[in-house]
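Undergrad: model the structure of this input:
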Amino acid sequence: MNNTSRIFVAGHRGLVGSAICRELERAGHGQIIKRTRTELNLLDPAAVEQFYAETKPEYVIVAAAKVGGILANDQQPAAFLYENLQIQNNLIHGAWRAGVKKLLFLGSSCIYPKLAPQPLKEDYLLTGPLEPTNQWYAVAKIAGIKMCQAYRRQYGCDFISAMPTNMYGPNDNYDLKNSHVLPALIRKFHEAKAASLPHVTCWGTGSPLREFLYADDLASACVFLLKNYSEEQFINVGFGSDISIKQLAETVRSVVGYQGEIQWDTSKPDGTPRKLMDSSRLFARGWKPKVQLEEGIRIAYADFLKRFTPQAG
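TA: Next comes the predicted model:
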């Protein structure tokens, strides 16, 4: 892959896709292909095939997906399963038909069994039941991994998969019904501060442990993998350490400057007790994350303030 390579970033407006575009631009890649949802419906196989035929990308990064937190997954199981299967089927199959040189499929740490040993090694895939609250999304992502492996085996395609841990950063989704825990906490504490509320209520007990990776760090890992990785086995991309949701909430509260109390609604689900990725295979190849969690949260909060009014509705 060189600076004149034609690179299609599917999902370029999202948290991960926008970070990948920034990283590619920083690295001097000038032929980045982008399409909005109105320009290209990834659920439509004919539209995707026509797009491949017209633009002829050499490299494809699949960062497009229907994503959301526990509530969204619980309320929209059919949409999470169908839309994600359709998007990745069209992009991966279309890439093979179009003769794409290399494809990188991005999955999620939720592919692992709910009670898998920690930290999560790539070998633990399909060794136990999934977390019920996001199994629909997880099943789709597992299918994407297997699809890349199948096209590699049957057709010799250089299709690889990477499994990021929990992401955050600029261009995140702050919708309280559909967002993940970190952006949801940023918005909750910001709005509570703006309204001078005495307390903020958070879901669960605060005890689950989670790992968080800044989006631009994932982006640098993606470019690294496109240039340096070509194996059937997918590879984990994590930060290397985790933090409790309670500690996370307290850190976000501090960054936002909210002075009130945190109350925990223990009637709400916690989700998986712990999700820490074993990223030793990637780290051994020479890549490491750079952005520490508190620094990343400060950047994310600054981005939130730019994109939303003080009383974001």
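
Undergrad: following the lowest-mean-pLDDT helix or strand in the chain, which helix or strand comes up?
TA: Lowest on mean pLDDT, DSSP states H and E among the helices and strands of the chain sits helix 70-75, with a mean of 80. Remark: after helix 70-75, the chain's next helix or strand is helix 77-98, criterion DSSP states H and E.

Undergrad: ok, which stretches of the stretch 101-250 of the chain are strands?
TA: 102-106, 159-164, 166-168, 199-203, 209-210, 212-214, 235-237, 243-244 (DSSP state E, counting those that start in this stretch).

Undergrad: of all those, which lies closest to Ala284?
TA: Shortest distance between Ala284 and the strands of the stretch 101-250 of the chain, using Cβ to Cβ, is found for strand 235-237: 10.6 Å. The way it works is simple: take the backbone N, C-alpha and C, and place the C-beta from them, glycine included.

Undergrad: can you lay out the strands of the stretch 101-250 of the chain as CSV showing mean neighbour count?
TA: Formatted as CSV, the strands of the stretch 101-250 of the chain follow (neighbours: other Cβ atoms under 10 Å):
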stretch, mean neighbour count
strand 102-106, 24
strand 159-164, 24
strand 166-168, 22
strand 199-203, 17
strand 209-210, 20
strand 212-214, 24
strand 235-237, 23
strand 243-244, 16
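
Undergrad: quick one: the helices in the stretch 201-313 of the chain, in order.
TA: Remark: helices assigned in the stretch 201-313 of the chain by DSSP state H, counting those that start in this stretch are 215-228, 245-256, 280-284, 293-307.

Undergrad: deepest in the core, which of the ones you listed is it.
TA: helix 215-228 (a mean of 21; mean count of other Cβ atoms under 10 Å).

Undergrad: who touches that one?
TA: 1, 15-16, 18-20, 22-24, 27, 59, 61, 102, 104, 106, 160, 162, 164, 167-172, 235, 237, 239, 282, 285-287, 289-291 (Cβ atoms under 8 Å, 6 or more residues apart in numbering).

Undergrad: now the nearest residue to Glu261 once chain neighbours are set aside: how far from Gln263?
TA: Nearest residue to Glu261 in three dimensions, chain neighbours excluded: His199, at 4.3 Å (Cβ to Cβ, 6 or more residues apart in numbering). Note on His199: its distance to Gln263, by Cβ to Cβ, to the nearest Å, is 5 Å.

Undergrad: for His12, same thing?
TA: From His12 across to Gln263, the span is 39 Å (Cβ to Cβ).

Undergrad: look at those two and report which has more neighbours.
TA: His12 (22 against 11; other Cβ atoms under 10 Å).

Undergrad: thinking the more buried one is in contact with Glu23, fair?
TA: No - assessed by Cβ atoms under 8 Å, His12 is found out of contact with Glu23, at 11.9 Å.

Undergrad: dump the strands of the stretch 101-250 of the chain to TSV, plus mean pLDDT.
TA: Formatted as TSV, the strands of the stretch 101-250 of the chain follow (pLDDT from 0 to 100):
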stretch	mean pLDDT
strand 102-106	98
strand 159-164	98
strand 166-168	94
strand 199-203	93
strand 209-210	94
strand 212-214	98
strand 235-237	98
strand 243-244	97
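
Undergrad: list the buried residues of the least confident helix or strand of the chain.
TA: 70-73 (16 or more other Cβ atoms under 10 Å).

Undergrad: so which of those residues is the closest to Leu125?
TA: Nearest to Leu125 out of these is Asn73 (Cβ to Cβ; 19.2 Å).

Undergrad: surely the closest one meets Ala138?
TA: No - Asn73 is beyond contact range of Ala138, at 9.1 Å (criterion: Cβ under 8 Å).

Undergrad: any stretches of the chain with poor pLDDT?
TA: Low-confidence segments of the chain, defined by pLDDT under 70, span residues 309-313.

Undergrad: redo that, cut-off 90
TA: Judged by pLDDT under 90, the chain has its weakly predicted residues at 66-75, 110, 114-115, 131-134, 173-181, 203, 269-275, 308-313.

Undergrad: so which residue is dead centre in it?
TA: Centroid-nearest residue in the chain: Met167, 5.4 Å away (criterion: Cα atoms, centre = their mean).

Undergrad: mind listing what it touches?
TA: So Met167 contacts 15-16, 180, 212-215, 218 (Cβ under 8 Å, 6+ apart).

Undergrad: ok, now Phe189?
TA: Taking Cβ under 8 Å, 6+ apart as the contact definition, Phe189 lies against 200, 252-253, 256, 258.
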